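Novice: What would the 3D arrangement of this be:
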Amino acid sequence: MYKIFLLMIAVGLPLSILGNFLHWPVVMMFIIFSLTIVALAGYMGRATESIAIHTGPRIGGLINATFGNAVELIIAFFALKAGLITVVLASLTGSVLGNLLLVMGLSFFVGGLKFKRQKFNVFDARHNSGLLVFAVLVAFVIPEVFAQEMGARDTFTFSVGISVILILLYLAALFFKLVTHRGVYQSDHAEGAGHDEEVAEWSKGKAILILLLATLAVAYVSESLVHTFEEVGEAFGWSELFIGVIVVAIVGNAAEHASAIIMAYKNKMDIAVEIAVGSTLQIAMFVAPVLVLVSIFFPTQMPLVFTLPELIAMVTAVLLAIVISNDGETNWFEGATILAAYLIMGIGFFFL
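Specialist: Just a heads-up that it's a prediction; the model follows:
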């Protein structure tokens, strides 16, 4: 897979630069930019994994949490800078739906085709369930409810306060998981399993260099990608909401999606579920609040207020994920059920 990514980068990056200078057709450039970002995201994930092995599980976990959604954060930053608030909020919605429904659904389905019954850490599942309920049902729904009785300035100030609380709780959750309660809650299948010592693919210096270069390349291509949204939407009949919820979310998460599915196929369900749910928590409790705080310095501020379809879709995704994952085991039919929910929501956002 990574050889394909390397080829995509070797071809896509020069074409991205050349196409910008020569002003190639916007739709063609949108496709080139998207594929290049997918490939760069794959190498960012690969470099992050090597750094995490070199630095140990605690610091490595923090690095993974920080860079896990770097691509989505970069794309959203430039969209925010361009004043595309609808696209930014929709991309956050899309990341939540994509991780909880598309990634988890495909992981359960693909893994379930090979193994009739797959297990994962039930304690982690229940812990993450509480955070998902807080992040989406409390921190996302409450601003929408209170915004009905507030002015625009008060709504944004309220969103800033919520964002600070979310980031603090997210950092506390990392500290709880990686420091104070690391290894305390283990499932039966994890306790009896042997653990092979991981060997880093790259040296720490090489991994850091690749991560920095890939991040810079993603920043350049992402800024160009954002400027294609309006014309691409008109060409394909896509709304800003659909571009954010489906297109941007899939482009930003593609490499991560592939990793989760591969882990599920290898029956490493703890990792697959952690990628899906952990990434959702990063989006809801870190990426979204950071974007709200960053918007303070832009002409157009972004309150943490989603549309009603976005909120209902996210709440439904959280409740479905909790109901299916809280028993610590899964099968292909549960994966198919989750995927069906994603398809229904995707069709709905297309027609909005």
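Novice: Contacts only, for the closest residue to residue 133 other than its chain neighbours.
Specialist: Counting by C-beta to C-beta, 6 or more residues apart in numbering, the nearest residue to residue 133 once its immediate chain neighbours are dropped is residue 318, at 6.7 Å. C-beta here means a position set from N, CA and C on the backbone, and glycine is covered the same way. Going by C-beta atoms under 8 Å, 6 or more residues apart in numbering, residue 318 touches 96, 100, 132-133, 136-137.
Novice: So which helix or strand of the protein has the lowest pLDDT on average?
Specialist: Every helix and strand of the chain was ranked by mean pLDDT, DSSP states H and E. The lowest is helix 188-191, at a mean of 52.
Novice: I'd say residue 44 and residue 72 touch.
Specialist: No - Residue 44 lies out of contact with residue 72 (C-beta atoms under 8 Å); the separation is 11.5 Å.
Novice: Now the next helix-or-strand element following the least confident helix or strand of the chain: buried residues?
Specialist: Downstream of helix 188-191, the first helix or strand assigned by DSSP states H and E is helix 204-226. Using 16 or more other C-beta atoms under 10 Å as the test for burial, helix 204-226 gives 207-208, 210-211, 214-215, 217-226.
Novice: Which one's more surrounded, residue 44 and residue 72?
Specialist: The neighbour count for residue 44 versus residue 72, taken as other C-beta atoms under 10 Å, is higher for residue 72 (27 against 24).
Novice: Contact partners for the nearest residue to that one once chain neighbours are set aside?
Specialist: In this structure, residue 72 finds its nearest non-sequential neighbour in residue 252, 3.9 Å apart by C-beta to C-beta, 6+ apart. Contacts were defined as C-beta under 8 Å, 6+ apart; by that measure residue 252 touches 37, 41, 69, 71-72, 75, 91, 95.
Novice: hmm, try it at 10 Å
Specialist: The neighbours of residue 252, taking C-beta atoms under 10 Å, 6 or more residues apart in numbering as the test, are 34, 37-38, 41, 69-76, 91, 94-95, 98, 218, 222, 283.
Novice: And residue 217, by the same measure?
Specialist: Residues in contact with residue 217 (C-beta under 10 Å, 6+ apart) are 9, 12-13, 16, 36-37, 39-40, 43-44.
Novice: Next, give me the two most distant ones among these.
Specialist: 16 and 44 (16.4 Å; C-beta to C-beta).
Novice: just to revisit the earlier point, among the contacts of residue 318, name the ones in helices.
Specialist: Using DSSP state H, the subset of these located in helices is 96, 132.
Novice: Using JSON lines, lay out the contacts of residue 318 together with neighbour count.
Specialist: What follows is the contacts of residue 318, written out as JSON lines (neighbours: other C-beta atoms under 10 Å):
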{"residue": "96", "neighbour count": "29"}
{"residue": "100", "neighbour count": "29"}
{"residue": "132", "neighbour count": "24"}
{"residue": "133", "neighbour count": "15"}
{"residue": "136", "neighbour count": "24"}
{"residue": "137", "neighbour count": "15"}
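Novice: What ranges does the chain have for its strands?
Specialist: Here the chain has its strands, by DSSP state E, at 118-119, 329-330.
Novice: strands paired with the last one, and their directions?
Specialist: Right, the one you point to is strand 329-330. Partners of strand 329-330 in the sheet, by DSSP bridges, are strand 118-119 (antiparallel).
Novice: hmm, who's touching stretch 117-126?
Specialist: 107-108, 111-112, 127-128, 177, 181, 184-190, 264, 267-274, 277-278, 321-322, 324-332, 334-335.
Novice: And those, which of them are buried?
Specialist: Looks like these have 107-108, 111-112, 127-128, 177, 187, 189-190, 264, 268-274, 277-278, 321-322, 324-325, 328-332, 334-335 buried, using 16+ other C-beta under 10 Å.
Novice: Now do residue 199: how many residues are near it, please.
Specialist: Residues lying near residue 199 (other C-beta under 10 Å) number 7.
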